[in-house]
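Asks: attaching a predicted model along with its sequence, questions to come.
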2 protein chains.
Amino acid sequence: MEGVSNEACSLAGHWGLGKLICFYDDNHISIDGDTDIAFTESVDARFEALGWHVIWVKDGNTDYNAIRQAIADAKAVTDKPTLIKVTTTIGYGSPNKANSYSVHGSALGKKEVEATRQNLGWPHEPFVVPEDVKSHWSRHAKQGAELEVKWDNDLATYERKYPEEAREFKQLISGELPSGWDNALPRYTPELSGDATRNLSQACLNAIAKVLPGILGGSADLASSNMTLLKMFGDFQRNTPTERNLRFGVREHGMGAICNGIALHGSGLIPYCATFFVFTDYMRAAMRISALSEAGVIYVMTHDSIGLGEDGPTHQPVEHLASFRAMPNILMLRPADGNETAGSYKVAVENRKRPSVLALSRQKLPQLPGTSIEGVARGGYIISDNSSGNNPDLILIGTGSELEIVFKAAEVIRKEGKTVRVVSLVSWELFEEQTPEYKESVLPSSVIARVSVEAGSTFGWEKYVGPKGKAVGLDRFGASAPAGVLYKEFGLTVDNVVVQAKQVI
Amino acid sequence: MEGVSNEACSLAGHWGLGKLICFYDDNHISIDGDTDIAFTESVDARFEALGWHVIWVKDGNTDYNAIRQAIADAKAVTDKPTLIKVTTTIGYGSPNKANSYSVHGSALGKKEVEATRQNLGWPHEPFVVPEDVKSHWSRHAKQGAELEVKWDNDLATYERKYPEEAREFKQLISGELPSGWDNALPRYTPELSGDATRNLSQACLNAIAKVLPGILGGSADLASSNMTLLKMFGDFQRNTPTERNLRFGVREHGMGAICNGIALHGSGLIPYCATFFVFTDYMRAAMRISALSEAGVIYVMTHDSIGLGEDGPTHQPVEHLASFRAMPNILMLRPADGNETAGSYKVAVENRKRPSVLALSRQKLPQLPGTSIEGVARGGYIISDNSSGNNPDLILIGTGSELEIVFKAAEVIRKEGKTVRVVSLVSWELFEEQTPEYKESVLPSSVIARVSVEAGSTFGWEKYVGPKGKAVGLDRFGASAPAGVLYKEFGLTVDNVVVQAKQVI
């Protein structure tokens, strides 16, 4: 019933995943009762429409041969995934609870277990495996050992014939990154022309794909907006399985779930996927599974604020940065320029047990002085300061596209004789993991005059600006207008930051 | 492609919505190019599998009669929804951009508009409607006026025949609530036995459904866990359209979208829908649309913390309270007992332009002294205090199931001679809307010794506990164990709150 299953299965049919066999336990019971109360579609016909091979086992309770035959038939079809619909009775054998929702969510209970044993003619004690069952299954140990020997021999042969490919393969499945891979990341100086971080992200992806054979991914039908195409590769399709650009279609939730599968497969592949940041709402369940299952998926999320402009509030994220900062075991990164985008990729690639979300701009941003790949690794760091003794008159904090604003506001306020520190807080999670000494060296507790600027909800910023500070942001939905107009209307300007700063200084 | 469309269309087929006609613009182009790169399923066959009537208009560019006929055929089928697949050329008429993705996301441009006009033989200036088109369409004004007169007459006849039903109907479409409706809400005293707020929620729903004919809703296959059944009504099904229990199946996103439609239809219906709180991740996009579109949907979200116990971290929300508090124009409510649950329903029903999310417990909670329906309306209020002069030694803040913990911790600390105030912060949004004087009367800025307790992420709590306070919560994923064990392991206990309080007092 869940939409994500249709998304994923539609793609599986499109890709012709002939090795995929899904069992559908067609027992007609859901938590609320018979599935007829909400689910009367023809599942067989739907899967056939999705390009699947569909087999129906009419009696999944007792007809083992039909199940064996179905698996054999499924394997024989190699150009389509197979759905084996197995009609069963839920709680089969239980005399009083079979075929009812009461077996779905709770245990049978001692008495009904006893009745079921009697009904099924099962004389053995709990956890006893009868000898004939044991011997029937133990033949698989021998088969498995033979298969392992064969696989080892095949790999040795492959290594002799294709030493370079074998080395790459072994590197991949080792789970270790090739040493020095991060030298491929671009670095920037302030003299270089500015660019949108979504474009800088594409430069990083294309740079690291050259040194990391495990990198593959794509977008949910926004590749040319998310800037996620790997230029040296073609599309992964049913007849081009070695290519690395995945075309997920407009299926965000399925995309996230597929990337979780790729990451958790343990083959060393590093999946990335992309859409507009606001559309994480469609795939949040998959992203939480990344975090919970320690799947190092890289989420490339562009159009990360009202700065996307005319598409308006349906497309403009507001609360999304806060919502991911609140989620355990996920890294929320919002780089400000080229160096910070490269630094974010370094963090994302290195965190193989923690997903990363990169919030990237649609609009052009300058290459700022003071930003660095190393700074990003610490989550928060000073990019400019005219004070000494760790005691500036004011601390301005920005992230992403608003780091430019606080950088310029600092210059204005310094002209009036004040000392101002500018801090980039690119990842709250990484900053919180630093030592208390380091944190104090960036945000000294004695300095209570603080202003943060971020084009999103101010929710959570009290932590860094404190009760006497100001959080400049957007605690309402956005609007449809060019980015410059919106930033001005909502007070995300150098002028307003200067005004706010003077109230706290 | 989006999963939500399959969820909603599967339900439309199940319900046999014969009045629903959907046009599918089958132009084979998506943002990333030809749909063939990601979407090769048979849409016709899928919709037939979902129980729809499917019609194909092969030439949607010029064959107007085929479109007219399709609509007539669709209307003639009254027991199934109809999909009219209309094969078209995107950008039809544009000599250089037709049938390409470049028409999808950007304007044709002046030159290509000119070329298209020439190509289509359209001689008129922009915004000019030729006389023959105008006269062709103006006949609808007369038809519409006639239909309106007929409707008014029908309503007058109905009013004479069925005065009671007509009064109810007029009340509904007025958008106003019947006066005194909230007298139906139950009230509780501490002597009454405790209960899970999900059960108290059911009592409220069943109480208000008697006085609010617009209340209808249901659960995504968790009705018996969410406690959302209206006992005096049956199931809404294709042959029982006057019943009020909706069976959404396991389709959270579709459920939210359907409730948005019901709320925005303007007929005075008040939809509620339900699942486990953690599964808001599946339907967050629909919930954001509620907030953005000012749809007063009531989200009944049970199993609202690790307190749900054994189902474990996949089912235990952690960051969800924070994530909705950060979202604009949505009310996040976490009631602690019977009075607060009733108060939350009062708020939710009265907010017809703002959705409400009710976070409700699976576990039993006591009826606390000091809670009230009126208190909930203010978002935050004092439930007990042994201080005078608005200057207690300590403020303990709790929400929902943890209000009991801070209430008891206060009693322990008071025995040691301290003055302690206990504040229920049931809805941050409502509290922030109060006057500065009221807020200061609840949380005086002079009192910096503050501890908050909530079984969820502490993200955002700095706002209320300040830099010297403590936020007791859970900044990691939960675990699978009985609720009592988890609360103890994670420090959500009276003992730990007392320890934390002593560090700040």
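Replies: The structure has been received and is ready for your questions. Numbers count the residues shown, from 1 in each chain, chains lettered A, B, ... in the order given.

Asks: A:Val376 belongs to a strand?
Replies: No - going by DSSP: H, G, I helix; E, B strand; the rest coil, the assignment for A:Val376 is helix, not a strand.

Asks: ok, for it, nearest residue in space, not its chain neighbours?
Replies: Sequence neighbours aside, A:Gly343 is the residue nearest to A:Val376 in space, at 2.8 Å (criterion: C-beta to C-beta, 6 or more residues apart in numbering or on different chains). Yep, even glycine has a C-beta here, placed from its N, CA and C like the rest.

Asks: tell me how far the one you found lies from A:Arg362.
Replies: According to C-beta to C-beta, to the nearest Å, A:Gly343 stands 20 Å off from A:Arg362.

Asks: contacts only, for the residue of the stretch 101-250 of chain A found nearest chain B.
Replies: Nearest residue of the stretch 101-250 of chain A to chain B: A:Gly249, at 3.4 Å (C-beta to the nearest C-beta). Contact partners of A:Gly249, counting by C-beta atoms under 8 Å, 6 or more residues apart in numbering or on different chains, are A:Glu7, A:Ser10, A:Leu11, A:His14, A:Ala220, A:Asp221, B:Met1, B:Ser30, B:Thr35, B:Ile37, B:Ala38, B:Phe39.

Asks: filter these down to the ones in helices?
Replies: A:Glu7, A:Ser10, A:Leu11, A:His14 (DSSP state H).

Asks: circling back: biggest separation within the contacts of A:Gly249, which pair?
Replies: Within these, A:Glu7 and B:Ile37 form the most distant pair, 15.5 Å apart (C-beta to C-beta).

Asks: looking at the two, which one has more neighbours?
Replies: A count of neighbours by other C-beta atoms under 10 Å in any protein chain shown puts A:Glu7 above the other of A:Glu7 and B:Ile37, at 30 against 17.

Asks: number of nearby residues for the residue of the stretch 51-200 of chain A at minimum distance from chain B?
Replies: Closest contact between the stretch 51-200 of chain A and chain B, by C-beta to the nearest C-beta, is at A:Gly51 (5.9 Å). Other residues lying near A:Gly51 total 22 when counted by other C-beta under 10 Å.

Asks: one step back: in terms of neighbours, single out the busier of A:Gly343 and A:Arg362.
Replies: Counted by other C-beta under 10 Å, A:Gly343 and A:Arg362 do not tie: A:Gly343 has more neighbours, with 28 against 24.

Asks: mind pulling up the pLDDT for the more buried one?
Replies: Here the pLDDT value assigned to A:Gly343 is 98.

Asks: what about it, helix or strand, and which?
Replies: Using DSSP states H and E, A:Gly343 maps to helix A:338-350.

Asks: same thing with A:Ala145?
Replies: For A:Ala145, the element it lies in under DSSP H and E is helix A:131-161.

Asks: now do A:Phe431
Replies: Short version, using DSSP H and E: A:Phe431 is in helix A:428-432.

Asks: can you check A:Glu168 too?
Replies: With DSSP H and E as criterion, A:Glu168 is part of helix A:163-174.

Asks: list the buried ones in that helix?
Replies: Residues A:Ala166, A:Phe169, A:Gln171, A:Leu172 are the ones in helix A:163-174 that count as buried (16 or more other C-beta atoms under 10 Å in any protein chain shown).

Asks: what is that helix packed up against?
Replies: Helices and strands touching helix A:163-174, by 3 or more C-beta pairs under 8 Å, 6 or more residues apart in numbering or on different chains; DSSP states H and E, are helix A:131-161.

Asks: switch to 7 Å and redo it
Replies: For helix A:163-174, there is no helix or strand it packs on, judged by 3 or more C-beta pairs under 7 Å, 6 or more residues apart in numbering or on different chains; DSSP states H and E.

Asks: ok, then the element right after that helix?
Replies: Heading C-terminal from helix A:163-174 (DSSP H and E), you reach strand A:195-196.

Asks: closest point of the stretch 401-505 of chain A to chain B, which residue?
Replies: Here the residue of the stretch 401-505 of chain A nearest chain B is A:Phe459; by C-beta to the nearest C-beta that distance is 3.8 Å.

Asks: pretty sure that residue sits against B:Glu462.
Replies: No - counting by C-beta atoms under 7 Å, A:Phe459 does not reach B:Glu462; the two are 10.5 Å apart.

Asks: who has more neighbours out of the two?
Replies: A:Phe459 (26 against 20).

Asks: what about the more buried one, which SS state?
Replies: Applying three-state DSSP: A:Phe459 is coil.

Asks: the stretch 301-450 of chain A against chain B: which residues are in contact?
Replies: Applying C-beta under 7 Å from any C-beta of the partner chain, we find that the stretch 301-450 of chain A lies next to chain B at A:Pro313, A:Thr314, A:Val318, A:Glu319, A:Ala322, A:Ser323, A:Arg325, A:Ala326, A:Met327, A:Pro328, A:Asn329.

Asks: quick one: which of these sit in strands?
Replies: Assigned to strands by DSSP state E, none of those qualify.

Asks: want to throw those residues into JSON lines with pLDDT and neighbour count?
Replies: Shown next, in JSON lines, are these (pLDDT from 0 to 100; neighbours: other C-beta atoms under 10 Å in any protein chain shown):
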{"residue": "A:Pro313", "pLDDT": "98", "neighbour count": "17"}
{"residue": "A:Thr314", "pLDDT": "98", "neighbour count": "16"}
{"residue": "A:Val318", "pLDDT": "98", "neighbour count": "27"}
{"residue": "A:Glu319", "pLDDT": "98", "neighbour count": "25"}
{"residue": "A:Ala322", "pLDDT": "98", "neighbour count": "27"}
{"residue": "A:Ser323", "pLDDT": "98", "neighbour count": "29"}
{"residue": "A:Arg325", "pLDDT": "98", "neighbour count": "26"}
{"residue": "A:Ala326", "pLDDT": "98", "neighbour count": "26"}
{"residue": "A:Met327", "pLDDT": "98", "neighbour count": "28"}
{"residue": "A:Pro328", "pLDDT": "98", "neighbour count": "19"}
{"residue": "A:Asn329", "pLDDT": "98", "neighbour count": "17"}
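
Asks: helices and strands around the helix or strand hosting A:Gly218, which ones?
Replies: Here A:Gly218 sits within strand A:215-219, counting by DSSP H and E. When contacts are defined as 3+ C-beta pairs under 7 Å, 6+ apart, strand A:215-219 sits against strand A:245-247, strand A:270-276.

Asks: next secondary structure after the worst-scoring helix or strand of chain A on mean pLDDT?
Replies: Among the helices and strands of chain A, helix A:102-105 carries the lowest confidence by mean pLDDT, DSSP states H and E, at a mean of 86. Per DSSP H and E, the first helix or strand lying C-terminal to helix A:102-105 is helix A:110-120.
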